[in-house]
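Undergrad: Okay, sequence plus prediction incoming.
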Amino acid sequence: MKTQRLAIILSVINLLLLIFVLSHLGAATTRGIAPVLRGHALEIVDEHGRVRAQITVLPTSTASGGQKYAETVLFRLIDPNGRPGVKIGASEDGSGMSLAGDSERRDWNGVQILASGTGSSLKLTNKDGRVRVIAP
């Protein structure tokens, strides 16, 4: 009789512990998800460790020719050869998008869409180097 009473008491304690653990497990899971991911950059790599997508903030800079560039947010999708196939950028001066063609070629070909305070344009470049600019 004593053994049966002990077994019932232990079973009840185990049940209460199980309920307690399961109730806190659900709460811990929802608390573990951050509502916002913050950082200075984000890179996604493939199984070989090569960067394939990137979001970064580029600081204000001055080119060697003296041209100043405002702080820019840049999103890149990078092909297996390490060359950006898609670029989307935004700064206080405007925004732009570039879609590159064949990444094996040294000469760039593709589409550029630019919008700034001074105007907007669409630039198309063929593989043979011919360029067509469309502007309003």
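TA: Yep, that arrived. Numbers count the residues shown, from 1 in each chain.
Undergrad: excluding its backbone neighbours, what's nearest the residue positioned nearest the centre of the chain?
TA: Central residue of the chain (C-alpha atoms, centre = their mean): I55, 4.8 Å from the mean position. In space, and not counting its chain neighbours, I55 is closest to L42: 4.5 Å by C-beta to C-beta, 6 or more residues apart in numbering. C-beta here means a position set from N, CA and C on the backbone, and glycine is covered the same way.
Undergrad: what about the one you found, how many neighbours?
TA: Other residues near L42 number 11, with proximity taken as other C-beta atoms under 10 Å.
Undergrad: Where does it fall, secondary structure wise?
TA: Here L42, judged by DSSP states H and E, is contained in strand 41-45.
Undergrad: elements contacting that strand?
TA: strand 51-58 (3 or more C-beta pairs under 8 Å, 6 or more residues apart in numbering; DSSP states H and E).
Undergrad: residues of the strand it packs on that come out buried?
TA: For strand 51-58, burial by neighbour count (16 or more other C-beta atoms under 10 Å) applies to R52, Q54.
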